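J.: Next come a sequence and a model predicted from it.
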Amino acid sequence: MKKLFGTDGIRGKAYEYPLDQRTIFNLGRVIGKNLKKESVFLIGIDTRESSPHLASYLFSGLKSLGVEPIFLGVLSTPALSWLTKIIENCEISVMISASHNPYQDNGLKFFSKEGTKLPDREEEIIENMLEKEKEKVINYPLPEPDKEIKKKYEKWVLSLFQKNFLENLKIVLDTANGSLAGFAQKIFKKFGAKIYSVGANPNGKNINKKVGSLYPKKAIEKLNKTKADLAICFDGDGDRVSFVLPPDKILDGDDLLYILALNFKEKGILKDGVVATSMSNLALEVALKKEKISLYRTNVGDKFVYEELKKKDLILGGEQSGHIILRNLSNTGDGLIVALNILKILKEKKFCFEPLKKYPQKIINYPVDEKKPLEEIPSYDNFIKDLKEVIGNGRFVIRYSGTEKVLRAMFEAEKEELIDLAEKKMEEFLRNNLKWK
């Protein structure tokens, strides 16, 4: 049974188990023992102050077995995924990042040679081996980042679109003080855009801090102050993206999936349909149905979206959060590539498109001390029955986060007041059963 791995690798507080020095050092040794002699191993990091330290622990564990990992320094998670797929003999890579979480958190995201998240079975093997690996830590200095390998990703991105295709566009770019800070601005400028930056000065402690795709307020303020054409917001490791149209219209992952789906259908490359998760707004499903496009839902997590895309041989899927996979280009969500594709479509349509008419929806995070299995709570079945009666023709999803001690609830209904009633039922259940206050 897996203990360390969640829906997106290993997460926790930096320097605390399982992100303490000895655990990560021995994790490096476990991985090293499974590598072929000629294998290449890549390590990337985001801008958290803890990321270089965690990278050095992992590097030292591998180095203690004679493995020579390649350290890439700061880059986005999707950049590392793509490089893992194209670098000869690269068997596995690790990204040190906690994505959209605050700087105190961190994590390890693992990629296979196909640039995909590791299968559950491989994660279980790593965990079982790690339980037996108890070597004393040996420290090795982290080498300088390999800039030449990183440039391969930049060249690939620039090759996908026409030169200066963003000419005359004024864009507010919020890079969340994270992995894309500086790099995204450089790419957009090379395509001819005039850029106004937000969240472009990482200091190790400000990644995702009131900036980025989860906190678009500063981007909206700059959008209206500069009279720019639109704003684009990424998260800390660059795999999520959202747009803002003047004055404050936010386009989330559902909106972007809809825009991409219509465009791909028009071009004849969409195939059978689109993959989204249980959290996507019902409006997306209804709108796609009108266009005779099927929507397949999965559990929350880009890993599950990718698995469904592969199973059905589709190319477009994603999450409401803005984590969108263009499988014809990459095997993981790439905020930068998605943003550039959306801009290309919007320019072609002269920014004329019909936005989704969203059903009232509310997503609430309830902090919990422990993730007690809900189905083991005696009153849970009756609670679910009551919720169904309250929500009527709407939907709800209740699940624990795969990366945080949080119980997430999504309520969706025809009227706001039905959501308010559902929320009260939820709070009553939590107070009575999970000591929530």
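T.: Cool, got the structure. Residues are numbered from 1 along each chain as shown.
J.: hey, let's count contacts and neighbours off CA atoms from now on
T.: Fine.
J.: Just the CA atoms of stretch 46-60, as PDB, please.
T.: C-alpha atoms of stretch 46-60 as PDB (Å, rounded to 0.1, in the frame of the first residue of the first chain):
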ATOM      1  CA  ASP A  46      11.400  25.600  -8.900                       C
ATOM      2  CA  THR A  47      12.200  28.900  -7.100                       C
ATOM      3  CA  ARG A  48      11.500  27.900  -3.500                       C
ATOM      4  CA  GLU A  49      14.400  28.500  -1.200                       C
ATOM      5  CA  SER A  50      14.300  24.800  -0.100                       C
ATOM      6  CA  SER A  51      14.400  23.400  -3.700                       C
ATOM      7  CA  PRO A  52      18.200  23.500  -4.200                       C
ATOM      8  CA  HIS A  53      18.700  21.900  -0.900                       C
ATOM      9  CA  LEU A  54      16.300  19.000  -1.600                       C
ATOM     10  CA  ALA A  55      17.900  18.700  -5.000                       C
ATOM     11  CA  SER A  56      21.400  18.300  -3.400                       C
ATOM     12  CA  TYR A  57      20.000  15.500  -1.100                       C
ATOM     13  CA  LEU A  58      18.700  13.600  -4.100                       C
ATOM     14  CA  PHE A  59      21.900  14.300  -6.100                       C
ATOM     15  CA  SER A  60      24.100  13.000  -3.300                       C
END
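J.: Surely Val275 is within a strand?
T.: Yes - in this structure, Val275 lies within a strand as judged by DSSP: H, G, I helix; E, B strand; the rest coil.
J.: And it, how close does it get to Phe264?
T.: 14 Å (CA to CA, to the nearest Å).
J.: More neighbours: which of the two?
T.: Using other CA atoms under 10 Å as the criterion, Val275 and Phe264 rank with Val275 on top: 26 against 15.
J.: Looks like that one contacts Thr298 (just checking).
T.: Yes - assessed by CA atoms under 8 Å, Val275 is found in contact with Thr298 at 7.4 Å.
J.: Now for these two: what residues contact both?
T.: Val305, Glu308 (CA atoms under 8 Å, 6 or more residues apart in numbering).
J.: Let me see the ranges of the strands in the stretch 301-437 of the chain.
T.: 316-318, 324-326, 361-367, 395-400, 406-412 (DSSP state E, counting those that start in this stretch).
J.: so which of the ones you listed gets nearest Phe59?
T.: Checking the strands of the stretch 301-437 of the chain against Phe59 by CA to CA gives strand 324-326 as the closest, at 29.5 Å.
J.: The closest one - which strands sit beside it in the sheet, and in what orientation?
T.: Strand 324-326 sits in its sheet next to strand 316-318 (antiparallel), going by DSSP bridges.
J.: Distance from the partner strand to the middle of the chain?
T.: Between the centre of strand 316-318 and the centre of its chain there are 12 Å (CA atoms, centre = their mean, to the nearest Å).
J.: pLDDT below threshold where in the stretch 151-300 of the chain?
T.: Scanning the stretch 151-300 of the chain for pLDDT under 70 picks out nothing.
J.: how does it look with 90?
T.: 271-272, 300 (pLDDT under 90).
J.: Over to the stretch 301-437 of the chain?
T.: Using pLDDT under 90, the flagged stretches of the stretch 301-437 of the chain are 301-303, 349-355, 368-372, 392-394, 401-406, 414, 431-437.
J.: Which residue ranges of it form helices?
T.: Assigned by DSSP state H, counting those that start in this stretch, the helices in the stretch 301-437 of the chain fall at 302-312, 335-348, 380-391, 416-433.
J.: Tell me which of the ones you listed sits nearest to Thr226.
T.: Thr226 lies closest, by CA to CA, to one member of the helices of the stretch 301-437 of the chain: helix 335-348, at 18.9 Å.
J.: what packs against the closest one?
T.: strand 241-245, helix 253-267, strand 324-326 (3 or more CA pairs under 8 Å, 6 or more residues apart in numbering; DSSP states H and E).
J.: For the helix or strand that the first one is followed by, name the packing helices and strands.
T.: It stands for strand 241-245. The element immediately downstream of strand 241-245 (helix or strand, assigned by DSSP states H and E) is strand 249-251. On a contact count with 3+ CA pairs under 8 Å, 6+ apart, strand 249-251 meets strand 241-245.
J.: that older thread, just the helices and strands packed on helix 335-348: most buried one?
T.: strand 324-326 (a mean of 26; mean count of other CA atoms under 10 Å).
J.: returning to what we had before: looking at the strands of the stretch 301-437 of the chain, which is nearest to Asp8?
T.: strand 395-400 (13.5 Å).
J.: Next, the angle from that closest one to helix 416-433.
T.: 30 degrees (axes from the mean of the first three to the mean of the last three CA atoms, to 10 degrees).
J.: Within its sheet, name the partner strands of strand 395-400 and how each one runs.
T.: When DSSP bridges is applied, strand 395-400 pairs with strand 406-412 (antiparallel).
J.: Take the partner strand, keep the C-alpha atoms, and write them as PDB.
T.: What follows is strand 406-412, C-alpha atoms only, in PDB (Å, rounded to 0.1, in the frame of the first residue of the first chain):
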ATOM      1  CA  VAL A 406      -7.700  19.200   3.000                       C
ATOM      2  CA  LEU A 407     -11.200  17.900   2.300                       C
ATOM      3  CA  ARG A 408     -12.500  19.500  -0.900                       C
ATOM      4  CA  ALA A 409     -16.100  19.900  -1.700                       C
ATOM      5  CA  MET A 410     -17.500  21.100  -5.000                       C
ATOM      6  CA  PHE A 411     -21.200  22.100  -5.200                       C
ATOM      7  CA  GLU A 412     -22.900  22.900  -8.500                       C
END
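J.: So which bits of that strand are buried?
T.: Val406, Leu407, Ala409, Met410, Phe411, Glu412 (16 or more other CA atoms under 10 Å).
J.: relative to helix 380-391, how tilted is that strand?
T.: If you take the same axes, to 10 degrees, strand 406-412 sits at 30 degrees to helix 380-391.
J.: and the gap between Ile45 and Asp334?
T.: Separation of Ile45 from Asp334 (CA to CA): 16 Å.
J.: re earlier: and the strands of the stretch 301-437 of the chain: which comes nearest Gly73?
T.: Among those, strand 324-326 comes nearest to Gly73, with 24.0 Å by CA to CA.
J.: now the closest one, how far from the chain's geometric center?
T.: 10 Å.
J.: what's the answer for stretch 418-436, then?
T.: Using CA atoms, centre = their mean, the offset of stretch 418-436 from its chain centre is 28 Å.
J.: now swap in stretch 34-45 and tell me
T.: On CA atoms, centre = their mean, the centre of stretch 34-45 falls 23 Å from that of its chain.
J.: In PDB, could you pull the C-alpha coordinates for it?
T.: C-alpha atoms of stretch 34-45 as PDB (Å, rounded to 0.1, in the frame of the first residue of the first chain):
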ATOM      1  CA  ASN A  34      17.200   0.700 -10.600                       C
ATOM      2  CA  LEU A  35      19.000   2.600 -13.300                       C
ATOM      3  CA  LYS A  36      20.800   1.000 -16.200                       C
ATOM      4  CA  LYS A  37      24.500   1.800 -16.500                       C
ATOM      5  CA  GLU A  38      24.000   4.200 -19.500                       C
ATOM      6  CA  SER A  39      20.900   5.900 -18.100                       C
ATOM      7  CA  VAL A  40      20.600   9.600 -17.900                       C
ATOM      8  CA  PHE A  41      18.900  11.100 -14.800                       C
ATOM      9  CA  LEU A  42      17.600  14.700 -14.800                       C
ATOM     10  CA  ILE A  43      16.800  17.000 -11.800                       C
ATOM     11  CA  GLY A  44      14.900  20.200 -12.100                       C
ATOM     12  CA  ILE A  45      13.800  22.700  -9.400                       C
END
